[in-house]
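Enquirer: A predicted structure for the sequence below; I have some questions about it.
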Amino acid sequence: AQSVAQPEDQVNVAEGNPLTVKCTYSVSGNPYLFWYVQYPNRGLQFLLKYITGDNLVKGSYGFEAEFNKSQTSFHLKKPSALVSDSALYFCAVRDGRGSGYALNFGKGTSLLVTP
Amino acid sequence: DGGITQSPKYLFRKEGQNVTLSCEQNLNHDAMYWYRQDPGQGLRLIYYSQIVNDFQKGDIAEGYSVSREKKESFPLTVTSAQKNPTAFYLCASRSQGIDTQYFGPGTRLTVL
(Lines give C-alpha, C1' and ligand atoms only; values in the text may rest on other atoms or scores of the structure.)
Protein backbone atom coordinates (compact mmCIF):
# COMPACT_ATOMS: atom_id res chain seq x y z
CA ALA A 1 0.00 0.00 0.00
CA GLN A 2 1.06 3.56 -0.59
CA SER A 3 2.01 5.40 2.57
CA VAL A 4 3.59 8.58 3.86
CA ALA A 5 5.24 9.44 7.15
CA GLN A 6 5.60 12.76 8.89
CA PRO A 7 8.43 12.35 11.38
CA GLU A 8 7.73 15.51 13.39
CA ASP A 9 4.64 16.00 15.53
CA GLN A 10 5.40 19.70 15.93
CA VAL A 11 7.59 22.28 14.27
CA ASN A 12 8.31 25.64 15.88
CA VAL A 13 9.55 28.57 13.81
CA ALA A 14 10.00 32.27 14.45
CA GLU A 15 8.10 34.63 12.18
CA GLY A 16 10.17 35.64 9.17
CA ASN A 17 12.34 32.54 9.28
CA PRO A 18 12.15 29.78 6.67
CA LEU A 19 10.09 26.75 7.55
CA THR A 20 10.25 23.10 6.53
CA VAL A 21 7.69 20.40 7.29
CA LYS A 22 9.00 16.95 6.47
CA CYS A 23 7.32 14.08 4.65
CA THR A 24 8.70 10.79 3.38
CA TYR A 25 6.84 8.33 1.21
CA SER A 26 6.74 4.63 0.42
CA VAL A 27 5.05 3.69 -2.84
CA SER A 28 5.13 1.22 -5.66
CA GLY A 29 5.35 3.03 -8.94
CA ASN A 30 5.22 6.77 -9.40
CA PRO A 31 3.93 8.72 -6.40
CA TYR A 32 1.08 11.21 -6.48
CA LEU A 33 1.80 13.41 -3.46
CA PHE A 34 -0.20 16.15 -1.79
CA TRP A 35 0.01 18.70 1.01
CA TYR A 36 -3.05 19.97 2.86
CA VAL A 37 -3.44 22.45 5.71
CA GLN A 38 -6.06 22.38 8.45
CA TYR A 39 -7.04 25.20 10.76
CA PRO A 40 -8.80 24.35 14.05
CA ASN A 41 -12.21 22.75 13.59
CA ARG A 42 -12.08 23.26 9.84
CA GLY A 43 -11.78 21.04 6.80
CA LEU A 44 -8.58 20.45 4.89
CA GLN A 45 -7.40 23.02 2.37
CA PHE A 46 -5.36 21.89 -0.61
CA LEU A 47 -1.92 23.50 -0.84
CA LEU A 48 -0.08 21.73 -3.65
CA LYS A 49 0.58 18.43 -5.36
CA TYR A 50 3.29 16.57 -7.23
CA ILE A 51 2.30 14.30 -10.07
CA THR A 52 5.18 14.54 -12.48
CA GLY A 53 7.55 17.13 -13.89
CA ASP A 54 9.60 19.67 -11.98
CA ASN A 55 10.80 18.54 -8.58
CA LEU A 56 9.99 21.94 -7.07
CA VAL A 57 6.25 22.45 -6.87
CA LYS A 58 4.74 25.83 -6.05
CA GLY A 59 1.41 26.09 -4.30
CA SER A 60 -0.93 28.37 -2.44
CA TYR A 61 -0.01 31.03 0.16
CA GLY A 62 3.67 31.04 -0.82
CA PHE A 63 4.27 27.39 -0.01
CA GLU A 64 6.36 25.09 -2.13
CA ALA A 65 7.49 21.50 -1.88
CA GLU A 66 10.53 19.68 -3.11
CA PHE A 67 10.17 16.17 -4.49
CA ASN A 68 13.30 14.08 -3.99
CA LYS A 69 13.14 10.63 -5.51
CA SER A 70 16.44 9.36 -4.15
CA GLN A 71 15.48 10.28 -0.60
CA THR A 72 11.77 9.44 -1.10
CA SER A 73 10.85 12.77 0.41
CA PHE A 74 8.38 15.54 -0.30
CA HIS A 75 9.14 18.31 2.18
CA LEU A 76 6.93 21.40 2.43
CA LYS A 77 8.76 24.72 2.56
CA LYS A 78 8.18 28.42 2.83
CA PRO A 79 10.93 31.07 2.68
CA SER A 80 9.44 33.36 5.32
CA ALA A 81 6.93 32.10 7.90
CA LEU A 82 3.91 34.08 9.06
CA VAL A 83 2.09 33.75 12.38
CA SER A 84 -1.02 32.97 10.33
CA ASP A 85 0.73 29.87 8.95
CA SER A 86 0.29 28.21 12.33
CA ALA A 87 -1.90 25.18 11.63
CA LEU A 88 -1.88 21.42 11.18
CA TYR A 89 -0.23 20.19 7.98
CA PHE A 90 -0.88 16.85 6.33
CA CYS A 91 1.09 15.06 3.69
CA ALA A 92 -0.84 12.50 1.62
CA VAL A 93 -0.28 10.01 -1.18
CA ARG A 94 -2.89 8.84 -3.65
CA ASP A 95 -3.80 5.18 -3.38
CA GLY A 96 -4.53 2.99 -6.35
CA ARG A 97 -7.59 2.33 -8.46
CA GLY A 98 -8.65 -0.48 -6.12
CA SER A 99 -9.22 2.11 -3.38
CA GLY A 100 -10.97 4.59 -5.59
CA TYR A 101 -7.84 6.74 -5.65
CA ALA A 102 -8.41 7.65 -2.01
CA LEU A 103 -5.70 9.48 -0.12
CA ASN A 104 -3.48 7.94 2.54
CA PHE A 105 -2.48 10.58 5.05
CA GLY A 106 0.39 11.07 7.43
CA LYS A 107 -0.41 11.76 11.06
CA GLY A 108 0.04 15.47 10.61
CA THR A 109 2.55 18.05 11.80
CA SER A 110 1.51 20.97 13.94
CA LEU A 111 3.30 24.15 12.88
CA LEU A 112 3.64 26.96 15.39
CA VAL A 113 4.99 30.28 14.18
CA THR A 114 5.86 32.67 17.00
CA PRO A 115 6.04 36.46 16.64
CA ASP B 1 -14.31 24.33 1.63
CA GLY B 2 -16.26 25.97 -1.18
CA GLY B 3 -18.75 23.74 -2.98
CA ILE B 4 -18.90 21.02 -0.35
CA THR B 5 -21.20 21.39 2.62
CA GLN B 6 -21.47 19.19 5.68
CA SER B 7 -24.14 19.34 8.32
CA PRO B 8 -24.49 19.61 11.15
CA LYS B 9 -21.23 21.17 12.29
CA TYR B 10 -21.60 19.64 15.75
CA LEU B 11 -23.57 16.53 16.62
CA PHE B 12 -24.19 14.86 19.93
CA ARG B 13 -25.36 11.30 20.15
CA LYS B 14 -26.43 9.09 22.98
CA GLU B 15 -25.06 5.59 23.12
CA GLY B 16 -27.18 3.17 21.12
CA GLN B 17 -28.45 5.77 18.66
CA ASN B 18 -27.83 5.91 14.93
CA VAL B 19 -27.01 9.31 13.48
CA THR B 20 -26.64 10.50 9.91
CA LEU B 21 -24.10 13.05 8.73
CA SER B 22 -24.88 14.99 5.59
CA CYS B 23 -22.45 15.74 2.75
CA GLU B 24 -23.51 17.68 -0.33
CA GLN B 25 -21.41 18.99 -3.21
CA ASN B 26 -22.31 21.25 -6.12
CA LEU B 27 -19.03 20.74 -7.97
CA ASN B 28 -20.39 18.01 -10.24
CA HIS B 29 -17.71 15.69 -8.91
CA ASP B 30 -18.03 12.00 -9.58
CA ALA B 31 -16.15 10.56 -6.61
CA MET B 32 -16.92 11.19 -2.96
CA TYR B 33 -15.18 10.05 0.20
CA TRP B 34 -15.69 9.90 3.96
CA TYR B 35 -12.72 10.14 6.30
CA ARG B 36 -12.50 10.00 10.05
CA GLN B 37 -9.99 12.14 11.94
CA ASP B 38 -8.76 11.36 15.43
CA PRO B 39 -6.09 13.39 17.25
CA GLY B 40 -2.60 12.25 16.33
CA GLN B 41 -3.82 9.65 13.83
CA GLY B 42 -4.31 11.59 10.65
CA LEU B 43 -7.29 10.77 8.46
CA ARG B 44 -8.61 7.28 7.80
CA LEU B 45 -10.91 6.24 4.96
CA ILE B 46 -14.37 4.99 5.91
CA TYR B 47 -16.20 4.67 2.58
CA TYR B 48 -15.90 5.94 -0.95
CA SER B 49 -18.12 6.14 -4.00
CA GLN B 50 -17.00 6.67 -7.57
CA ILE B 51 -20.43 6.72 -9.21
CA VAL B 52 -24.07 6.96 -8.24
CA ASN B 53 -25.54 3.82 -6.67
CA ASP B 54 -22.11 2.33 -6.05
CA PHE B 55 -19.88 2.59 -2.98
CA GLN B 56 -17.03 0.63 -1.43
CA LYS B 57 -15.70 0.05 2.07
CA GLY B 58 -12.55 1.78 3.15
CA ASP B 59 -10.13 0.83 5.90
CA ILE B 60 -12.48 1.39 8.86
CA ALA B 61 -16.01 0.77 7.54
CA GLU B 62 -17.26 -1.32 10.47
CA GLY B 63 -20.14 0.39 12.24
CA TYR B 64 -20.80 2.81 9.38
CA SER B 65 -23.08 2.81 6.36
CA VAL B 66 -23.52 5.09 3.34
CA SER B 67 -25.73 5.64 0.33
CA ARG B 68 -25.22 7.39 -3.01
CA GLU B 69 -28.61 7.89 -4.57
CA LYS B 70 -27.71 11.25 -6.11
CA LYS B 71 -24.44 12.45 -7.56
CA GLU B 72 -24.29 15.46 -5.26
CA SER B 73 -25.08 13.66 -1.99
CA PHE B 74 -23.19 11.07 0.06
CA PRO B 75 -24.63 10.75 3.59
CA LEU B 76 -22.86 8.75 6.28
CA THR B 77 -24.73 6.90 9.01
CA VAL B 78 -22.91 6.12 12.21
CA THR B 79 -24.64 3.11 13.70
CA SER B 80 -24.77 1.87 17.26
CA ALA B 81 -22.34 -0.86 16.20
CA GLN B 82 -19.55 1.70 15.99
CA LYS B 83 -17.84 1.31 19.33
CA ASN B 84 -15.96 4.58 19.48
CA PRO B 85 -17.67 7.09 17.20
CA THR B 86 -16.47 10.30 18.83
CA ALA B 87 -14.35 11.94 16.12
CA PHE B 88 -14.19 14.61 13.44
CA TYR B 89 -15.72 13.44 10.17
CA LEU B 90 -14.63 14.86 6.84
CA CYS B 91 -16.25 14.46 3.46
CA ALA B 92 -14.31 15.01 0.24
CA SER B 93 -14.99 14.90 -3.47
CA ARG B 94 -12.96 14.61 -6.66
CA SER B 95 -13.66 15.05 -10.32
CA GLN B 96 -13.03 12.11 -12.64
CA GLY B 97 -9.57 12.35 -14.13
CA ILE B 98 -8.41 14.94 -11.58
CA ASP B 99 -6.26 13.85 -8.66
CA THR B 100 -7.05 16.55 -6.14
CA GLN B 101 -9.67 15.94 -3.48
CA TYR B 102 -11.55 18.88 -1.99
CA PHE B 103 -12.85 18.73 1.53
CA GLY B 104 -15.93 19.94 3.34
CA PRO B 105 -15.76 21.79 6.68
CA GLY B 106 -16.35 18.65 8.75
CA THR B 107 -18.77 17.42 11.42
CA ARG B 108 -17.66 16.86 14.98
CA LEU B 109 -19.55 13.95 16.52
CA THR B 110 -19.55 13.45 20.27
CA VAL B 111 -21.09 10.49 22.02
CA LEU B 112 -22.52 11.36 25.40
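Expert: All right, it came through fine. Residues are numbered from 1 along each chain as shown, chains lettered A, B, ... in the order given.
Enquirer: can the strand or helix carrying B:R108 be found next to chain A?
Expert: Using DSSP states H and E, B:R108 maps to strand B:107-111. Yes - Strand B:107-111 lies within reach of chain A by Cβ under 8 Å from any Cβ of the partner chain, at B:R108. (C-beta placed from N, C-alpha, C; glycine too.)
Enquirer: Sketch out the strands for chain A, chain order is fine.
Expert: A:3-5, A:10-14, A:19-21, A:24-26, A:33-38, A:44-50, A:56-58, A:64-68, A:73-78, A:87-94, A:103-105, A:109-114 (DSSP state E).
Enquirer: Now for residue 93, how many residues are close by?
Expert: By default, I'm working from chain A. A total of 22 residues lie near A:V93 under the criterion other Cβ atoms under 10 Å in any protein chain shown.
Enquirer: oops, I was thinking of chain B
Expert: Should you count by other Cβ under 10 Å, B:S93 turns out to have 25 residues around it.
Enquirer: Give me the nearest residue to it, chain neighbours excluded.
Expert: B:H29 (3.8 Å; Cβ to Cβ, 6 or more residues apart in numbering or on different chains).
Enquirer: and chain B, which of its residues are near chain A?
Expert: Counting by Cβ under 8 Å from any Cβ, chain B sits next to chain A at B:1, B:4, B:6, B:31, B:33, B:35, B:40-45, B:48-50, B:56, B:58, B:88, B:90, B:92, B:94, B:99-106, B:108.
Enquirer: List buried residues within the residues you listed.
Expert: By neighbour count, with 16 or more other Cβ atoms under 10 Å in any protein chain shown, these hold B:4, B:6, B:31, B:33, B:35, B:42-45, B:48-50, B:58, B:88, B:90, B:92, B:94, B:100-106 as buried.
Enquirer: nearest spatial neighbour of residue 79, skipping sequence neighbours?
Expert: This is for chain A. Spatially, and ignoring its direct neighbours in sequence, A:P79 is nearest to A:P18 (5.4 Å; Cβ to Cβ, 6+ apart).
Enquirer: Can you look at chain B instead?
Expert: Closest to B:T79 by Cβ to Cβ, 6+ apart is B:N18, at 5.0 Å.
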